[in-house]
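> Below are the sequence and a predicted model for it; my questions follow.
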Amino acid sequence: MKVLGIGNAIVDVICKVNDNFIDKNNLTKGTMKLIFDEKEFKNLLSSLQIEKTISGGSVANSIVGLSQLGNNVGFIGKISDDDLGQKYEDGLKKENVNYLYSKKKENLPTGTCLILITPDSERTMCTFLGTAGKINESDININTIKESEIIFLEGYLWDDGEPKKAFEKAINNSNKIAMSLSDQFCVDRHKDNFLDLVKNKLDIIFANESEIMALINAKNFTEVISFGKEIKKNLIITRGEKGAISIDNDDIIEVGSKKNLKISDLTGAGDLFASGYLHGYINNFSQKECLNNGTEMSAKIIQQIGARF
């Protein structure tokens, strides 16, 4: 298998809201908030008008994108044997993704993420992890890990206890590890752990500009460049309208962003960028071609609602 993704198996519930809704519910626009109480989550959901419901999750979105580009890929993520779990599994199989988890009835329901889209097309997420947050070592098959060229992990998955042990089992048995920092919320919450992963465990790191600057407490982007050279890893940074950059040892490659786009929803921009980049990487494209691939996929997805084509 070319790429095996391991991440939170989350059903995305997409809703359009105004800025007042974000403020009234004490949310920070453009970030993800974890909701631990199922009742609180259901109350929030009941006040919304649903636009679309699709199987999602950050790395799962990337894996689907890779499959659509013709690559042999798989995904591990924990769901419950309920209606949303079945919808999630069907969504992956329809996209020819090898879904490598056998669902069973769990104490918690399948995870759900409310994606709240404001008029400026920014997305704010409220996530009830449900059983997705209970992934553990026994869910990770070592042989599957070893038979995969690249393991792709998401920062959203990292949490103390069982998820962290599952994460570490995947890292310790992999041939090559890629990871997305996922969200500044994740970076702030796990800064020391993420910094250790970036410096010592990962081969390919995906981040946006705010995430990487938060991780290293950078005052400017020049400090990010210096850090990228020091760690001697493949650091891929998306910079919005400024395009994207890869820092691989002393090799620095930049590409511009796509212009004149009719942006509908920024959900999945980073996920599909990773799809395009990794497609190039596993097919021996140049760094510039990989970045251009990522930029192309990202530009396409943000012109529609949702993170799947």
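Structure received. Numbering: from 1, shown residues only.
> Give me the residue at the spatial middle of the chain.
Nearest to the geometric centre of the chain sits residue 58, at 2.8 Å (C-alpha atoms, centre = their mean).
> Once you drop chain neighbours, what's closest to that residue?
The shortest distance from residue 58 to any non-neighbouring residue, by C-beta to C-beta, 6 or more residues apart in numbering, is to residue 154 (4.6 Å). The C-beta positions use only the backbone N, C-alpha and C, and glycine is treated the same way.
> so what pLDDT did that neighbour get?
What the model reports for residue 154 is a pLDDT of 96.
> for it, which residues make a bridge with it?
Residue 154 has these beta-bridge partners by DSSP bridges: residue 180.
> Residues in contact with whichever strand or helix holds residue 44: which ones?
For residue 44, the host element (DSSP states H and E) is helix 38-46. With C-beta atoms under 8 Å, 6 or more residues apart in numbering as the test, helix 38-46 has contacts from 13, 25, 35, 108, 109, 112, 114, 126, 128, 130.
> For the worst-scoring helix or strand of the chain on mean pLDDT, give me every contacting residue.
None of the helices or strands of the chain scores lower by mean pLDDT, DSSP states H and E than strand 50-56, at a mean of 88. Contacts to strand 50-56, defined as C-beta under 8 Å, 6+ apart, come from residues 9-16, 87-92, 113, 115, 117, 305-308.
> Which stretches in the chain count as helices?
Assigned helices in the chain, in chain order: 19-24, 38-46, 58-68, 83-94, 142-146, 162-172, 184-189, 191-200, 209-216, 221-231, 269-282, 287-301 (criterion: DSSP state H).
> Nearest to residue 238, out of these?
With C-beta to C-beta as the criterion, residue 238 lies closest to helix 269-282 of these, at 5.6 Å.
> Now do the closest one: which elements does it pack against?
With contacts taken as 3 or more C-beta pairs under 8 Å, 6 or more residues apart in numbering; DSSP states H and E, helix 269-282 sits against helix 58-68, strand 150-154, strand 177-180, strand 204-208, strand 234-238, helix 287-301.
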